[in-house]
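*Asks:* pasting a predicted model and its sequence here:
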Amino acid sequence: SSAASDVYKRQAAPFASLALEEAYNLLTLNGMERRLAYRLVKGAEAALSKGDPSQIQLKQNDKESVLDHTAAEIIRSTHVVSILDGIPSRKDRPELTAPQVISFIGPTGVGKTTTLAKVASQAILNRGLKVGLINLDTYKVAAVDQLATYAQILQTPFRSVSNAEELNLALKDLRNLDLILIDTTGRSQKDDESLAAAEKLLNEIPNLRSQLVLSSTTRDQELYDVGHRFARFRPEALILSKLDEASVFGAIYNVSQRLKLPISYFTTGQRVPEDIEVATEERVTALVMDLL
């Protein structure tokens, strides 16, 4: 809004050097929110102001030094999480302990099903976990068929459910596994009735963690809207899909900061299991600073 813009202009004091201003422009041109870019570059400016007073101006005018300190600010403020770390295999946990359950939530068209298959592959190949797959809500037949195919390829058990009774039976059937991944049918963030129905079903699962899958090609305001509407599922982290289709990456940092959620994975294409990478602070920094 114009009012917000006026507030920003009043707050935004000039940077101490052209190099700092160029760092700010680099971030905003790559899609970062102005207020976030300003905060990061001001942090770099403050760091460069420490030490020998006679060297401060020299450091603040050194482009490499400015970029290095800006990168350090991004790394410091970026939060990532590995969702598979700490999940014990059956042999490492008490016999009656339920397997970990992770649901993948988000709007239509963001690639939840292929993302789930990639995470399942990582759990099986890299962690040696026994994994089961559940499709929740069968009205989107293509997604059911797609997940069933992935389950067959991965040689993992698969169940498709559409109500609480079927979900409970599926969880009981898969109780001897280490990890159960649940694919939820894509819903519009504006379809409150459908979101409430999914929330009611998932709330029945005691050992549940949720991942919010968002497309990195989506406009910032829509990302924020989706994030706030899906907050009812209490996601623990973000998965940013379709990095291969995005041209600027500031939104990755913006949405993580705005929703106060860490990032767990990036997906970079359609191939299963190849096109997925665990998020790191360094990778986020390289993306938003266009250091690819």
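*Replies:* Structure received. Numbering: from 1, shown residues only.
*Asks:* CA only for contacts and neighbour counts going forward, please
*Replies:* Will do.
*Asks:* where in this structure is pLDDT low?
*Replies:* 1-13, 92-96, 138-144, 186-191, 292 (pLDDT under 70).
*Asks:* all helices for it, in order.
*Replies:* Along the chain, the stretches classed as helices by DSSP state H are 2-11, 18-29, 34-48, 53-61, 63-77, 112-125, 141-154, 164-173, 192-202, 220-229, 250-259, 281-288.
*Asks:* for the fourth one, list every residue counted as buried.
*Replies:* Using 16 or more other Cα atoms under 10 Å as the test for burial, helix 53-61 gives 59, 60, 61.
*Asks:* residue 288 and residue 25, how far apart?
*Replies:* 12 Å (Cα to Cα, to the nearest Å).
*Asks:* the more surrounded of the two?
*Replies:* Legend: neighbour count by other Cα atoms under 10 Å for residue 288 and residue 25, higher for residue 288 (25 against 17).
*Asks:* correct me if wrong: the more buried one contacts residue 250.
*Replies:* Yes. Counting by Cα atoms under 8 Å, residue 250 is a contact partner of residue 288 at 5.0 Å.
*Asks:* could you pull out the residues contacting both of those two?
*Replies:* Common contact partners of residue 288 and residue 250 (Cα atoms under 8 Å, 6 or more residues apart in numbering): 27, 30, 31, 32.
*Asks:* give the burial count for the third one, as a bare number.
*Replies:* Put plainly, it is residue 31. By other Cα under 10 Å, neighbour count at residue 31 equals 22.
*Asks:* count of neighbours near the closest residue to it other than its chain neighbours?
*Replies:* The shortest distance from residue 31 to any non-neighbouring residue, by Cα to Cα, 6 or more residues apart in numbering, is to residue 250 (4.1 Å). The local packing of residue 250 (other Cα under 10 Å) involves 25 other residues.
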